[in-house]
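Participant: next input, structure requested:
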Amino acid sequence: MAKGRKGKNTSKREEVELLDIASWTPRTSIGKRVKAGEISSIDQILDEGIAILEPEIVDSLIPEMEVETLAVNPTQRSTDSGRKMQFRAVVVIGDKKGHVGIGVGKSEEVRPALDYAMKDARKNMIHLKFGCGSWECRCGQQHSLPQK
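Facilitator: Residues are numbered from 1 along each chain as shown. Just a heads-up that it's a prediction; the model follows:
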C-alpha cells in the first residue's frame, strides 16, 4: 500500500456502484444494441473501435469491477470575486481480466468529482494484452504486461 503524509493510506480500492441499468434508456445506437442483447461482450465493442459514449454500456457488460483512486487534488482558479476551489480526481476502473479504464473528474466537492471520474473511466475502457513477463519464466500463464 502506498503511504501518504502522516501515515495515511492513499491507495483506496472499493467496489463500483453500478448505475441503474433497469431504468436506463439508451441514446446511442451501440447502447440500443447492448440493451437489446445483440452485443454480449465488451470485447465486441472494443474490437470494432466504436467509442463508448454511455457509461451504462460498461455496467451492463461488465458487472464486477473494482475502482482505485489514484489522486484527489485541490485546484484553484482566480476570478474577479476571489479564488474558486475545485477538486480533481483521477481513478482507474477494471475487472482484473484485462479491461481497464482511466478517468478524470472535477467538481467543487470530493465525492461528485470521484463520481464524474468513474463515469469518465467507464467511457475510456481499453483491453490490455497479457503475456509472460520474462523469457526465463516457464509457467505458461498470462500474468504480466509485455513491454519493450
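Participant: so K106 makes contact with T75?
Facilitator: Yes. If you go by C-beta atoms under 8 Å, K106 and T75 touch, sitting 7.3 Å apart. The way it works is simple: take the backbone N, C-alpha and C, and place the C-beta from them, glycine included.
Participant: and for the residue nearest to P112 when sequence neighbours are not counted, the neighbour number?
Facilitator: Nearest residue to P112 in three dimensions, chain neighbours excluded: G105, at 7.6 Å (C-beta to C-beta, 6 or more residues apart in numbering). Using other C-beta atoms under 10 Å, G105 has 20 other residues around it.
Participant: and G105, how close does it get to A113?
Facilitator: In this view, G105 and A113 are 5 Å apart by C-beta to C-beta, to the nearest Å.
Participant: ok, now D59?
Facilitator: Using C-beta to C-beta, D59 is found at 20 Å from A113.
Participant: these two: which has the busier surroundings?
Facilitator: When D59 and A113 are compared on other C-beta under 10 Å, the one with more neighbours turns out to be A113, at 22 against 19.
Participant: which regions of this protein sit below the pLDDT cut-off?
Facilitator: Scanning the chain for pLDDT under 70 picks out 1-18, 146-148.
Participant: burial check on H99, number of neighbours?
Facilitator: Using other C-beta under 10 Å, H99 is surrounded by 19 other residues.
Participant: that one touches H127, doesn't it?
Facilitator: Yes. Between H99 and H127 a contact is recorded at 5.9 Å, counting by C-beta under 8 Å.
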